[in-house]
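K.L.:
the sequence and its predicted three-dimensional model are supplied below.
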Amino acid sequence: MSRACQVASDVEQAIAKAQTLIEALGYIQRFLDKIVVVKIGGSVMDDEQTLSDMLTDVVFMNTVGMRPVLVHGGGKAISTAMEQRGLEVQFVQGRRYTDQRTLTVVEHVLCNEVNRMIVSLIEKQGSRAMGLHTLGSCVLFGEKLFLEEDGRQVDLGFVGQVTYVNAKLVELLCQADTIPVIAPLARDKTGLRLNCNADTAAGEVAAALKAEKLVVVSDTHGIRRNADDPDSLADLLTEGEIRRMIADGTISSGMLPKVQACLVALEAGVTRTHIIDGRFHHSLLLEIFSDRGVGTVIQK
């Protein structure tokens, strides 16, 4: 390639980058000082580099004036830690049965390992972060969760559902330009610790904060209108469409708590919710700061 051709190519690339920045400008202005709850889970949590890349997007959001709030999972790391300790991993209707020994492992992994790692990765990239969990400042409070099976109640042990979020503390951290990082563990009125579903917890956090957006980051591209057809990915769905897809079984299994979290957020006034694939490079930024997102948007 001649020198002139190389210069022309470099100029074209620079112009393309400038156009991308201009496209993002409107979104940056629109979301200035707005809270966006991001739930990180799935295989995104299994690889530190993938997680670090995702957190780069979060740091970018914080740097340009948005107020990201993170809620994270850690299911695979918990199962691995339990197996290493010789503890049996049991699930009931998709919920981890949590006895006292399991709860000890869950709390250690989520608070001392996963939460601490996320805070460290954020701070290495130049933003401030603070872990919020049952071994420090707890912002999630709840009650024991019982499931129905064959007309009877099923006790899952120390498994809970979030009934109250200390939104004031989370908001104060956001105002102090600090990214809250919330582990899905709650305390009940007596101080008992409870293991909660991370998707459900994120929905309650977004609802309590009246967030601008809830973004559920996992290892799925979004919602398919036909579960068996990978080409039926929906860019935009309404709350009504989601409820019909739940009723007819199109949405089920692991996708169900994600969309239910989105519905809880929408009912509380959150403007838009998103389900995106965190394995896709910069999927979070592309979903928020571009005209064409990369996942499924759910709105009223």
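P.N.:
The structure has been received and is ready for your questions.
K.L.:
only C-alpha atoms for contact and neighbour calcs from this point on.
P.N.:
Noted.
K.L.:
all strands of the stretch 51-200 of the chain, in order?
P.N.:
For the stretch 51-200 of the chain, the strands defined by DSSP state E, counting those that start in this stretch cover 67-72, 91-92, 95-96, 128-132, 140-149, 152-165, 178-182, 185-187, 193-195.
K.L.:
which strands border the first one, and is each parallel or antiparallel?
P.N.:
Strand 67-72 has the following strand partners under DSSP bridges: strand 35-40 (parallel), strand 178-182 (parallel).
K.L.:
please name whichever of these is nearest to Ser252.
P.N.:
For Ser252, the closest of the strands paired with strand 67-72 is strand 35-40, at 19.1 Å, according to C-alpha to C-alpha.
K.L.:
where's Tyr27 relative to Arg95, distance?
P.N.:
Tyr27 is 37 Å from Arg95, where distance means C-alpha to C-alpha, to the nearest Å.
K.L.:
picking up where we left off before, just put the strands of the stretch 51-200 of the chain in JSON lines and tack on distance to Met117, mean neighbour count and mean pLDDT.
P.N.:
Output for the strands of the stretch 51-200 of the chain, formatted as JSON lines (distance: least, C-alpha to C-alpha, whole Å; neighbours: other C-alpha atoms under 10 Å; pLDDT from 0 to 100):
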{"stretch": "strand 67-72", "distance to Met117": "11", "mean neighbour count": "27", "mean pLDDT": "98"}
{"stretch": "strand 91-92", "distance to Met117": "26", "mean neighbour count": "12", "mean pLDDT": "82"}
{"stretch": "strand 95-96", "distance to Met117": "23", "mean neighbour count": "17", "mean pLDDT": "86"}
{"stretch": "strand 128-132", "distance to Met117": "10", "mean neighbour count": "22", "mean pLDDT": "98"}
{"stretch": "strand 140-149", "distance to Met117": "20", "mean neighbour count": "18", "mean pLDDT": "90"}
{"stretch": "strand 152-165", "distance to Met117": "23", "mean neighbour count": "18", "mean pLDDT": "92"}
{"stretch": "strand 178-182", "distance to Met117": "10", "mean neighbour count": "25", "mean pLDDT": "98"}
{"stretch": "strand 185-187", "distance to Met117": "17", "mean neighbour count": "27", "mean pLDDT": "97"}
{"stretch": "strand 193-195", "distance to Met117": "19", "mean neighbour count": "26", "mean pLDDT": "96"}
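K.L.:
got phi/psi on Val264?
P.N.:
Note on Val264: backbone dihedrals following degrees, to the nearest 10 are phi -60, psi -40.
K.L.:
tell me how many other residues surround it.
P.N.:
18 (other C-alpha atoms under 10 Å).
K.L.:
quick one: Thr250 and Ile223 touch, right?
P.N.:
No - in this structure, Thr250 is not within contact of Ile223 by C-alpha atoms under 8 Å, at 9.3 Å.
K.L.:
in terms of neighbours, single out the busier of the two.
P.N.:
Each of Thr250 and Ile223 has its neighbours counted (other C-alpha under 10 Å); Ile223 has more, 26 against 18.
K.L.:
I'd assumed Pro230 was in contact with that one.
P.N.:
No - under the criterion of C-alpha under 8 Å, Ile223 makes no contact with Pro230, lying 9.5 Å away.
K.L.:
Phe280 looks like it's in a strand, true?
P.N.:
No - when DSSP: H, G, I helix; E, B strand; the rest coil is applied, Phe280 is found to be coil, with no strand at that position.
K.L.:
report the separation between it and Val44.
P.N.:
To Val44, Phe280 is 10 Å away according to C-alpha to C-alpha.
K.L.:
between these two, point out the one with more neighbours.
P.N.:
When neighbours are counted by other C-alpha under 10 Å, Phe280 and Val44 differ, and Val44 comes out ahead with 23 against 17.
K.L.:
model confidence for that one, exactly?
P.N.:
At Val44, the model reports a pLDDT of 86.
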